[in-house]
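J.: compute the structure for the input listed below.
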Amino acid sequence: MSDQAHHVSDPPGVALVTGASKGIGRGIALELAAEGWDVVVNYNRDQEGAEETADGVRETGQRSWVIDCDVGFADQVQRMFDEVTRQAGTPGLLVNNAAVQTWSPLMDLDEADWDRTIRTNLKGTFLCTKAAARLMAPHKSGVIINIGSGASQVAFPQLVDYSASKGGIDNLTRVSALELGPLGIRVNCVAPGAIEIERTREEDPNYAKKWGAITPLRRVGFPTDVASAVVFLASEKADFITGQTLFVDGGLFKHPHWAYD
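T.: Sure thing, here's the model as predicted:
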């Protein structure tokens with residue numbers, strides 16, 4: 001046996017997943033439930049989708065609660081965390097997944113759309129991280145996982161607000177990890193590549209074919225691919241990992257433009 005004591009984490013407890021009414025958020029919630037987590041399902045507008053996610057969690061035998069909240073507003077975030085602790089107890093895991101985007105050239109992008117995207121994606125991650133950390137700190141344990149994007153590494157035309165918000169999340173993750181590490185709280189980021197979900201299929205019926213063709217693994221990703229990374233980073237197997245961004249992109253964002261065949 002090693003001279004150093006190996007820390008064994010407690011069994012899974014309560015996870016809060018923001019923006020979990022569909023897509024990647026739903027995939028994360030269901031995968032966490034399959035691993036033994038009880039899951040609080042957050043939504044902003046799609047209550048029906050959130051209830052469907054919660055039903056899926058309960059089908060695994062785990063408990064689930066549905067709470068509405070626009071994560072971009074501090075008063076709503078505080079109300080959500082008060083409700084979480086009242087109904088489920090202190091969350092051991094927070095997954096900051098809620099996000100929006102605006103498809104627009106920079107010069108045509110409305111200030112209101114910029115504000116909404118930064119408020120939801122970046123400010124929402126900050127507000128939820130702060131609220132969760134305050135609850136986790138007395139327990140000297142907790143995990144926070146932010147959902148970033150390959151858009152933080154590669155410039156995507158017409159996604160300036162989204163790309164800026166995800167770049168901010170990268171640095172928010174690193175600073176949070178440094179400050180919260182001494183309190184026993186780990187903070188990491190999972191950055192998806194091209195993931196086929198309801199929204200991407202609506203945007204482009206040929207989404208999977210187009211993006212799969214330029215991804216080194218020759219396929220797009222699915223919510224389960226992202227969820228598997230979240231499950232790993234939330235587990236005791238990742239107890240010594242913090243401040244990292246894990247790209248789940250099939251190699252897409254390591255693929256440079258190359259002038260030679």
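J.: and residue 149, how many neighbours does it have?
T.: By other Cβ atoms under 10 Å, 29 other residues sit near residue 149. Every C-beta, even on glycine, is put in place using the N, C-alpha and C of the backbone.
J.: let me see the contact set for it.
T.: Contacts of residue 149 were listed using Cβ atoms under 8 Å, 6 or more residues apart in numbering, and they are 162-163, 166, 191-192.
J.: next, format these as CSV and append secondary structure.
T.: Shown next, in CSV, are those (DSSP: H, G, I helix; E, B strand; the rest coil):
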residue, secondary structure
162, helix
163, helix
166, helix
191, strand
192, strand
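J.: turn these into JSON lines, columns for neighbour count.
T.: Formatted as JSON lines, the contacts of residue 149 follow (neighbours: other Cβ atoms under 10 Å):
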{"residue": "162", "neighbour count": "21"}
{"residue": "163", "neighbour count": "21"}
{"residue": "166", "neighbour count": "27"}
{"residue": "191", "neighbour count": "24"}
{"residue": "192", "neighbour count": "24"}
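J.: return the member of those residues nearest to residue 109.
T.: Taking Cβ to Cβ as the measure, residue 109 lies nearest residue 162 of those, at 10.5 Å.
J.: from what I can see that closest one touches residue 117, true?
T.: Yes. Contact criterion Cβ atoms under 8 Å: residue 162 and residue 117 qualify, at 5.9 Å.
J.: shared neighbours, the two?
T.: Contacts common to residue 162 and residue 117, judged by Cβ under 8 Å, 6+ apart, are 100-102.
J.: quick check, nearest of those residues to residue 136?
T.: The closest of these to residue 136 turns out to be residue 100 (Cβ to Cβ; 26.5 Å).
J.: now do the same contact list for that closest one.
T.: Counting by Cβ under 8 Å, 6+ apart, residue 100 touches 116-117, 120-121, 162.
J.: repeat the analysis, applying 7 Å as the threshold.
T.: When contacts are counted by Cβ atoms under 7 Å, 6 or more residues apart in numbering, residue 100 touches 116-117, 120-121.
J.: can you check residue 231 too?
T.: Residue 231 neighbours (Cβ under 7 Å, 6+ apart): 31-32, 35.
J.: quick one: average pLDDT of whatever helix or strand it lives in?
T.: With elements taken from DSSP states H and E, the one containing residue 231 is helix 223-234. For helix 223-234, the mean per-residue pLDDT is 96.
J.: quick revisit: any chance of the shared contacts of residue 162 and residue 117 in CSV, plus pLDDT, distance to residue 154 and secondary structure?
T.: What follows is the shared contacts of residue 162 and residue 117, written out as CSV (pLDDT from 0 to 100; distance: Cβ to Cβ, whole Å; DSSP: H, G, I helix; E, B strand; the rest coil):
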residue, pLDDT, distance to residue 154, secondary structure
100, 96, 20, coil
101, 91, 15, coil
102, 93, 18, coil
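J.: could you pull out the strands for the stretch 101-250 of the chain?
T.: With DSSP state E, counting those that start in this stretch as the criterion, the stretch 101-250 of the chain has strands at 142-147, 185-192, 245-248.
J.: now render these as JSON lines, adding distance to residue 19 and mean pLDDT.
T.: Listed next are the strands of the stretch 101-250 of the chain as JSON lines, based on distance: least, Cβ to Cβ, whole Å; pLDDT from 0 to 100:
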{"stretch": "strand 142-147", "distance to residue 19": "8", "mean pLDDT": "98"}
{"stretch": "strand 185-192", "distance to residue 19": "13", "mean pLDDT": "97"}
{"stretch": "strand 245-248", "distance to residue 19": "17", "mean pLDDT": "95"}
